[in-house]
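K.L.:
fold the following for me, if possible:
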Amino acid sequence: MATSSVRLDRELIEKATIIAKALSRTTPKQIEHWARIGEIMEDNRDLPYEFVKQAIIAKAEHEAGKLETYDFG
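P.N.:
Coordinates of the predicted model:
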């Protein structure tokens with residue numbers, strides 16, 4: 001992954017640092033998470049945040065091979 005430096009508001013960084021620590025993330029990873037959520041929410045304005053959050057979790061579980069096939073019958 002390529003990295004680059006960007007200037008961000010100090011208040012945003014301070015808030016991200018607090019939230020990141022609470023969620024066991026680094027500050028950059030917290031900001032990336034917020035950016036990812038923001039992008040998804042802008043692309044899917046009709047979806048509630050909780051649905052988007054659960055979709056992201058399900059995708060991560062799928063990529064980790066942790067999903068089981070659901071039998072409808």
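K.L.:
show me what counts as buried in stretch 45-61.
P.N.:
residue 52 (16 or more other Cβ atoms under 10 Å). All C-beta spots, glycine's among them, are computed from the backbone N, C-alpha and C.
K.L.:
who's in contact with that stretch?
P.N.:
36, 37, 40, 41, 44, 67 (Cβ atoms under 8 Å, 6 or more residues apart in numbering).
K.L.:
neighbours around residue 30, how many?
P.N.:
20 (other Cβ atoms under 10 Å).
K.L.:
what sits against it?
P.N.:
16, 17, 19, 20, 23.
K.L.:
which SSE is the third one in?
P.N.:
Read it as residue 19. Taking DSSP states H and E as the definition, residue 19 sits inside helix 10-22.
K.L.:
where does residue 33 land in three-state SS?
P.N.:
Classification of residue 33 using DSSP: H, G, I helix; E, B strand; the rest coil returns helix.
K.L.:
does residue 29 touch residue 23 like I think?
P.N.:
No. Assessed by Cβ atoms under 8 Å, residue 29 is found out of contact with residue 23, at 9.1 Å.
K.L.:
nothing else from me, thank you.
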